[in-house]
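Novice: this one's sequence-less:
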Ligand SMILES: [Fe+2]
């Protein structure tokens with residue numbers, strides 16, 4: 001069984017050229033998947049992807065979120081992964097994430113409906129979880145965070161490889177991101193990130209921003225009680241990689257390097273950046289998001305690796 005679980009985000013996939021592959025509305029015959037996708041030759045799985053995408057496509061902001069009728073097979077995938085990840089979070093997740101997850105209290109035996117996750121998270125921090133049919137444009141995805149809206153896919157990874165997903169499925173979105181959004185400190189950081197993305201008008205500035213997002217809220221680590229723990233949704237939703245991140249090359253916190261370092265979304269991350277503490281991460285990352293705009297981006301590039309510490 002392939003247990004490689006690179007944490008892949010909507011934002012990263014879009015930069016690599018992926019798009020909403022759901023075809024036209026009402027088309028439930030075939031959902032396009034890349035040749036190396038675990039479900040590419042499974043017609044039933046592709047039909048499920050189309051049907052679930054149609055639910056997200058029909059959603060309108062402010063309207064009730066329609067339920068997806070998940071199959072017993074999909075519930076089983078959720079159950080297996082949720083149980084395994086919960087055990088690993090005890091060992092590898094930072095305290096603030098665990099507090100958020102405890103507050104959100106996702107079901108462990110079945111795929112949760114976004115309707116119920118949205119109600120729970122919104123009651124805790126005012127953040128909404130909103131369904132989307134597939135991948136959304138990068139600026140829209142980040143920009144929604146400024147409105148305290150997290151746009152989430154609803155499909156489940158292929159049952160043949162429950163610990164692997166080549167794209168952001170509901171396990172990544174909800175166990176990785178929604179649990180974090182149940183913590184008010186993280187919710188504020190996500191909103192600040194959304195505001196920063198809106199001030200990044202050029203593609204270059206958005207690229208720098210999204211790389212910082214990648215090395216922090218997707219793959220960030222920090223020191224807590226003498227141990228390296230993670231607050232990154234990519235690691236927190238990744239059955240295989242969460243066990244491996246302590247073996248990566250762990251560099252000190254460096255926003256200038258994060259914003260310019262290329263990464264490969266298809267493999268375990270070989271380089272991670274560690275904050276010296278949770279509070280330091282919140283202060284430094286929050287200050288970066290709050291002060292980020294075109295001018296700040298230019299200044300950071302001009303100073304190269306020696307960008308002023310925030
Ligand atoms: Fe993500």
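Specialist: Received the coordinates, thanks. This is a predicted model, so every value here is computed, not measured.
Novice: which strand or helix spans the closest residue to residue 186 other than its chain neighbours?
Specialist: Nearest residue to residue 186 in three dimensions, chain neighbours excluded: residue 180, at 4.3 Å (C-beta to C-beta, 6 or more residues apart in numbering). (C-beta placed from N, C-alpha, C; glycine too.) Using DSSP states H and E, residue 180 sits in helix 179-181.
Novice: list the helices and strands that helix packs on?
Specialist: Using 3 or more C-beta pairs under 8 Å, 6 or more residues apart in numbering; DSSP states H and E as the contact definition, the elements that helix 179-181 packs against are helix 95-104, helix 114-125, helix 184-199, helix 233-236.
Novice: so for the ion, which of the ones you listed sits nearest?
Specialist: The closest of these to the ion is helix 233-236. By C-beta to the ion, the value is 4.8 Å.
Novice: low pLDDT regions in the stretch 201-310 of the chain?
Specialist: 304-310 (pLDDT under 70).
Novice: buried stuff in stretch 229-243?
Specialist: 229-239, 241-242 (16 or more other C-beta atoms under 10 Å).
Novice: over to stretch 286-299?
Specialist: 286, 288-289, 292-293, 296-297.
Novice: what does stretch 96-108 give?
Specialist: Buried-residue list, stretch 96-108, by 16+ other C-beta under 10 Å: 96-101, 103-104, 106.
Novice: gap between the closest residue to residue 64 other than its chain neighbours and residue 152?
Specialist: Nearest residue to residue 64 in three dimensions, chain neighbours excluded: residue 115, at 6.9 Å (C-beta to C-beta, 6+ apart). For residue 115, the distance to residue 152 equals 12 Å [C-beta to C-beta, to the nearest Å].
Novice: which of the two has more neighbours?
Specialist: Each of residue 115 and residue 152 has its neighbours counted (other C-beta atoms under 10 Å); residue 152 has more, 24 against 15.
Novice: just list the residues touching that one, thanks.
Specialist: Shown in contact with residue 152 (C-beta atoms under 8 Å, 6 or more residues apart in numbering): 114, 129-132, 170, 173-174, 177-178.
Novice: and what of residue 48?
Specialist: Counted by C-beta under 8 Å, 6+ apart, residue 48 has contacts 71, 74, 155.
Novice: read off the pLDDT value for the residue lying closest to the first one once chain neighbours are set aside.
Specialist: Ranked by C-beta to C-beta, 6+ apart and with sequence neighbours excluded, the top spatial neighbour of residue 71 is residue 48, at 7.2 Å. Reported pLDDT at residue 48 in the predicted model: 93.
Novice: helix or strand for residue 48, which one?
Specialist: Residue 48 belongs to helix 43-58 when assigned by DSSP H and E.
Novice: which other helices and strands does the helix or strand following that helix contact?
Specialist: The helix or strand immediately downstream of helix 43-58 is helix 72-92, counting by DSSP H and E. The contact analysis (3+ C-beta pairs under 8 Å, 6+ apart) places helix 72-92 against helix 95-104, helix 233-236.
Novice: just checking, next helix/strand downstream of the shortest one?
Specialist: The one in question is helix 233-236. Criterion used, DSSP H and E; the element after helix 233-236 is strand 249-252.
Novice: what's that next one packed up against?
Specialist: Counting by 3+ C-beta pairs under 8 Å, 6+ apart, strand 249-252 packs on strand 271-275.
Novice: show me how far the strand it packs on is from its chain's centre.
Specialist: 17 Å (C-alpha atoms, centre = their mean, to the nearest Å).
Novice: what angle sits between the helix or strand following it and helix 184-199?
Specialist: Proceeding N to C from strand 271-275, the next assigned helix or strand is helix 278-291, under DSSP H and E. If you take axes from the mean of the first three to the mean of the last three C-alpha atoms, to 10 degrees, helix 278-291 sits at 30 degrees to helix 184-199.
Novice: sorry, back to before: please identify which of the buried residues of stretch 96-108 is nearest to residue 215.
Specialist: Among the buried residues of stretch 96-108, residue 97 lies closest to residue 215 (C-beta to C-beta), at 16.6 Å.
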